[in-house]
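[1] coordinates for the following, if possible.
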Amino acid sequence: METSEVAAMLSMSTSWVYREASKLGLKGYKLGRGKNAKVLYKRTEVFKWLEQHKIH
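    From the prediction side, this is the model:
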């Protein structure tokens, strides 16, 4: 999943995802080099992370 998709799913901004995802345990995978590299997230990991953090 692209960062924008994760941000939309969480109702947050893409900058929030870039800044906070790794702090919260959501691992991004960088494709390319430099500051313009694309960061992707595994769909299964995103859904697993959401399931672990849902409010009952």
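
[2] L24 and G34: what is the separation?
    Between L24 and G34 the computed distance is 25 Å (CB to CB, to the nearest Å). No exception for glycine: its C-beta is placed from N, CA and C like everyone else's.

[3] same thing with F47?
    30 Å.

[4] higher neighbour count, the two?
    F47 (12 against 6; other CB atoms under 10 Å).

[5] pLDDT wise, what is the more buried one at?
    F47 carries a pLDDT value of 91.

[6] where in the protein is pLDDT low?
    56 (pLDDT under 70).

[7] what ranges do the helices span in it?
    Taking DSSP state H as the test, the helices found in the chain are 3-10, 14-20, 43-52.

[8] ok, and what's touching the second one?
    Residues from elsewhere that reach helix 14-20 (CB atoms under 8 Å, 6 or more residues apart in numbering): 3-4, 6-7, 10, 12, 28, 39.

[9] quick check on these: which are buried?
    3, 6-7, 10, 28, 39 (16 or more other CB atoms under 10 Å).
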